[in-house]
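1. What follows is a predicted structure for the sequence shown.
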Amino acid sequence: MIQIVIDHEKCDGCGICIDVCHKGPRIFKIEKVGNKNMCVVQDASYCNICTTCLSKCPKKAINLIKNGNEKCNKN
């Protein structure tokens, strides 16, 4: 099981993760939380662990965890 973790301190809701991932619109969505737009994970089951979202996120706000262990961190 994969878990996608968004660091909301870093994320500015730019939406690049949605644009670069071929499953992006199924995995991510941008929501307004308080007065800030940010990415939230809506369904991580579509993730195939390609790590494109990690490498393209300009804020390095995305981490992937597989089976409780940090799988990828491009920070």
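-> In hand now; what should we look at?
2. Could you give me the buried positions within stretch 19-26?
-> Judged by neighbour count (16 or more other CB atoms under 10 Å), stretch 19-26 contains these buried residues: Cys21, Gly24. For the C-beta atoms, the positions are set from N, CA and C on the backbone; glycine is no exception.
3. oh sorry, the question was meant for stretch 49-56
-> Applying 16+ other CB under 10 Å to stretch 49-56 flags Thr51, Cys53, Leu54 as buried.
4. Rebuild the residues you listed as TSV, extending it with pLDDT and distance to Asp19.
-> Shown next, in TSV, are the buried residues of stretch 49-56 (pLDDT from 0 to 100; distance: CB to CB, whole Å):
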residue	pLDDT	distance to Asp19
Thr51	93	15
Cys53	96	10
Leu54	94	14
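5. Which residue lies nearest the spatial centre of the protein?
-> In the chain, the C-alpha nearest the mean C-alpha coordinate belongs to Ile62, at 4.6 Å (CA atoms, centre = their mean).
6. Relative to Lys29, which of the buried residues of stretch 49-56 is nearest.
-> Cys53 (13.2 Å; CB to CB).
7. quick one on the thing from earlier: same list (the buried residues of stretch 49-56) but as JSON lines, adding secondary structure and distance to Met38.
-> Converted to JSON lines, those look like this (DSSP: H, G, I helix; E, B strand; the rest coil; distance: CB to CB, whole Å):
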{"residue": "Thr51", "secondary structure": "coil", "distance to Met38": "20"}
{"residue": "Cys53", "secondary structure": "helix", "distance to Met38": "14"}
{"residue": "Leu54", "secondary structure": "helix", "distance to Met38": "17"}
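8. Show me where the chain dips below the pLDDT cut-off.
-> Within the chain, the stretches with pLDDT under 70 are 70-75.
9. Cheers, nothing more for now.
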